[in-house]
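# Would you be able to build a 3D model of this:
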Amino acid sequence: MYQFFVPPGQIDISGKRVVITGSDVKHIRSVLRMKAGEELSVSNGQDGREYRCGIMALEEDRILCELRFIKEGDVELPARVYLFQGLPKADKMEWIVQKAVELGVYQVIPVAARRCVVKLDDRKADARRARWQGISEAAAKQSRRAIVPQIGPVMDFSQAVRFAEGMDVKLIPYELAEGMERTRSLLGGLRPGQSAAVFIGPEGGFEETEIREAVEHGIEPITLGRRILRTETAGITVLSWLLYLLER
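As a prediction, the model looks like this:
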């Protein structure tokens, strides 16, 4: 079944009506070629509910649907995981956002670490962020997420560390960290209802000064094993481990 996201105001529970607008109208009409009477799923991206609807009318600029029933969502991870991703080269960030959303990330924060090759001014950063947000929404639809994970503004490392300060579990994979038992213990310590920050460096990794700054703010260095992982692999590895540990 196809899923679409709409603003909360376009879901009228008392009137049992849902209105779909924007680019999804053309997609439903011309690409999917759906007809009146067919069923689809709608989410407002906020309350975790799935609104099951039947198409009533396909108009030029909107799709009118009848709300048939509401299903309480249970597809989200029980803990909120924030991925602080060092800006990678080329289009790797698009792939990282897509896969992180599929694996249940709550929010992705791009980080301009000191060894990042990519440098974004405000205009470029806003344009990239809009592009990444679109990828997040598409991945959320594909993986039937109940929310659309937000892509935060680009932060420098110090800003990112301060943003993560109040989170329950804070981790930073580092090639000089030792002991998989410690990694297992820290990952296993995340409990439902808590939040986790995962910091991933760019291609050149983090500078030692950044690791020291992270440790000063309670962020724990961990190892991901004896092999050096690419930046686009490291975050996905941690998210996969957390999914395995958290889902029941």
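
# how about low-confidence regions in this protein?
In the prediction, the chain carries residues with pLDDT under 70 at positions 73.

# In the longest helix anywhere in it, which residues are buried?
Here the longest helix in the chain is taken by residue count, with DSSP state H as the criterion, and it is helix 122-142. Buried residues in helix 122-142, counted by 16 or more other Cβ atoms under 10 Å: 125, 128-129, 132-133, 135-137, 139-141. Every residue, glycine included, has its C-beta placed from N, CA and C.

# For Lys89, state which of those is nearest.
Nearest to Lys89 among the buried residues of helix 122-142 is Arg128, at 12.8 Å by Cβ to Cβ.

# for Leu239, what are its contacts?
Counting by Cβ atoms under 8 Å, 6 or more residues apart in numbering, Leu239 touches 81, 83, 99-100, 103-105, 198.

# Helices of this structure, start to end?
Here the chain has its helices, by DSSP H, at 23-26, 92-102, 122-142, 157-163, 180-188, 208-216, 231-246.

# okay, those helices, which one's buried deepest?
The densest packing among those, expressed as mean neighbour count by mean count of other Cβ atoms under 10 Å, is seen in helix 92-102 with a mean of 20.

# Counting by contacts, list what it packs against.
Applying 3 or more Cβ pairs under 8 Å, 6 or more residues apart in numbering; DSSP states H and E, we find helix 92-102 packed against strand 80-86, strand 107-112, helix 122-142, helix 231-246.

# Quick check: Arg49 touching Ser43?
Yes: the pair Arg49 / Ser43 is scored as a contact, 6.9 Å apart, by Cβ atoms under 8 Å.

# neighbour-wise, which of these two wins?
A count of neighbours by other Cβ atoms under 10 Å puts Ser43 above the other of Arg49 and Ser43, at 25 against 16.

# tell me the contacts of the more buried one?
Each residue near Ser43 by Cβ under 8 Å, 6+ apart is listed here: 3-6, 49-51, 73, 145-147.

# returning to what we had before: right, and the helices and strands packed on helix 92-102 - which one's nearest Leu186?
helix 231-246 (10.5 Å).

# Run the angle between the closest one and strand 107-112 for me.
Here helix 231-246 points in a direction 150 degrees away from that of strand 107-112 (axes from the mean of the first three to the mean of the last three Cα atoms, to 10 degrees).

# Distance to Glu181 added to the contacts of Ser43, as a markdown table?
Written out in a markdown table, the entries for the contacts of Ser43 read as follows (distance: Cβ to Cβ, whole Å):
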| residue | distance to Glu181 |
| --- | --- |
| Gln3 | 40 |
| Phe4 | 45 |
| Phe5 | 41 |
| Val6 | 46 |
| Arg49 | 40 |
| Glu50 | 40 |
| Tyr51 | 45 |
| Gly73 | 35 |
| Arg145 | 33 |
| Ala146 | 35 |
| Ile147 | 34 |
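
# any idea which of the residues you listed has the most stuff around it?
Arg145 (24 neighbours).

# Once you drop chain neighbours, what's closest to it?
Nearest-residue entry for Arg145: Val75, 6.3 Å, with adjacent residues in sequence omitted and distances by Cβ to Cβ, 6 or more residues apart in numbering.

# Over to Arg182?
In space, Arg182 comes closest to Ile222 once its chain neighbours are excluded; the distance is 6.6 Å by Cβ to Cβ, 6+ apart.
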